[in-house]
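Student: generate a structure from the sequence data that follows.
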Amino acid sequence: MTVLLEVVGLSGGYEPVQIFKDVDFAVEDGACAGLFGPNGHGKTTLLRTISGLIDPWSGSIVFDGIQLNTPGERRTRKSRNLNYDLLVRRRMDPKKVARAGLIHVAQGSPLFPELTVAETLSIAPAPARAGGRAVDPDLPFSLFPQLKERRHSKTRFLSGGERQMLAIACGMLAAPRLLILDEPTLGLSPKLRLELASAIHAIRQAGIPIILVDQDVGFLRDLVDTLHVFDHGSISRVLSKAEIPDHETLMADLFGGVH
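Tutor: Below you'll find the predicted structure:
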């Protein structure tokens, strides 16, 4: 398969604290790459950096053959009393990233609370890449029939599961070449987790590559081709689907078993 996303030697964080260092990560076209690791070890920060929401400190992010970030190392802030981003041009443009087709559905499904479901879906295609493929406007309702019933409801009145469905639907309407899903099942019931797993499987069947983060190895194992274990700001191992252990075994490997 062709490598669609290639991250090499990527380092970053929130100045002055470095969160991750020298991360190498690749996603093949048509594949689903899982990312698993303890809370607070930098998974979300890594994904926010890949999608351009946070400037990378060093390394390269190449998507579909094009480097998205400015080469070289980021300069250090000279003063904590100045807004660095007002003085120095950003090294990565998240709008350019989205238009290239790298679409990030962030953790916590951030949405506009006063917009209805229908209004939210109507603006979702805005980040779509220039000249990108047309997306069926009824796609959200085929993936998540509940959204059709709730299309006139404001998003602040939706349940947690419905908000997550809406966030993923918005990501799909943006015509992704690669879809990043950061903990889409966080805080959801087992029933809703199964519904989301079915929707993610349907997205996979449509040939859209995915980066999927979740805290349940069993959930990931059913959907991914490879599992990247993220530990203390770096990828400690990459497991094929056949090598992925159960949740308890992997957690014991990370934190030590009970003897």
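Student: sketch out the low-pLDDT regions of the stretch 1-150 of the chain for me.
Tutor: Within the stretch 1-150 of the chain, the ranges that satisfy pLDDT under 70 run 75-88, 129-134.
Student: now for Ser11, how many residues are close by?
Tutor: 19 (other Cβ atoms under 10 Å). (C-beta placed from N, C-alpha, C; glycine too.)
Student: ok, Thr44 next?
Tutor: For Thr44, the neighbour count with other Cβ under 10 Å is 20.
Student: make 40 the starting number, not 1.
Tutor: Understood, numbering begins at 40; the last thing we discussed is Thr83.
Student: which residues sit against whatever helix or strand it lives in?
Tutor: Thr83 belongs to helix 82-89 when assigned by DSSP states H and E. Identification of contacts with helix 82-89 by Cβ atoms under 8 Å, 6 or more residues apart in numbering yields 44, 46, 49, 51-53, 58-59, 62, 64, 74, 76, 93-95, 100, 141, 143, 145-146, 219, 221-222, 250, 252, 269.
Student: go through these and flag which are in strands.
Tutor: Using DSSP state E, 44, 46, 49, 51-53, 58-59, 62, 64, 74, 100, 141, 143, 219, 221, 250, 252, 269 are the members of the contacts of helix 82-89 that sit in strands.
Student: could you pull out the strands for the stretch 190-298 of the chain?
Tutor: Here the stretch 190-298 of the chain has its strands, by DSSP state E, counting those that start in this stretch, at 217-221, 249-252, 265-270, 273-279.
Student: elements contacting the second one?
Tutor: Right, the one you point to is strand 249-252. If contacts are counted by 3 or more Cβ pairs under 8 Å, 6 or more residues apart in numbering; DSSP states H and E, strand 249-252 sits against strand 71-75, helix 82-89, strand 217-221, helix 229-244.
Student: got the contact list for that strand?
Tutor: Contacts for strand 249-252 (Cβ under 8 Å, 6+ apart): 44, 66, 70-75, 82-83, 86, 146, 217-223, 239, 242-243, 259, 262-263.
Student: over to the third one?
Tutor: Counting by Cβ under 8 Å, 6+ apart, strand 265-270 makes contact with 64, 70, 72-77, 80-82, 85, 256, 259-260, 274-280, 282-283, 289, 293, all of which sit outside it.
Student: 10 Å - rerun?
Tutor: Strand 265-270 is contacted from outside by 59, 62-67, 70-77, 80-82, 85, 250-252, 256, 259-260, 274-280, 282-284, 289, 292-294, using Cβ atoms under 10 Å, 6 or more residues apart in numbering.
Student: only the buried subset of the residues you listed, as a PyMOL command please.
Tutor: Selecting only the buried members of the contacts of strand 265-270 in PyMOL, with burial defined as 16 or more other Cβ atoms under 10 Å, works like this:
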select buried, resi 59+62+64+65+66+67+70+71+72+73+74+75+76+80+81+82+85+250+251+252+256+259+260+274+278+283+289
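Student: tell me how far Pro229 lies from Arg128.
Tutor: Look at Pro229 and Arg128: by Cβ to Cβ, to the nearest Å, they are 47 Å apart.
Student: now Asp255. Nearest residue, chain neighbours left out?
Tutor: His286 (6.2 Å; Cβ to Cβ, 6 or more residues apart in numbering).
Student: and if you look at Arg130?
Tutor: Per Cβ to Cβ, 6+ apart, closest to Arg130 is Thr109, 4.2 Å.
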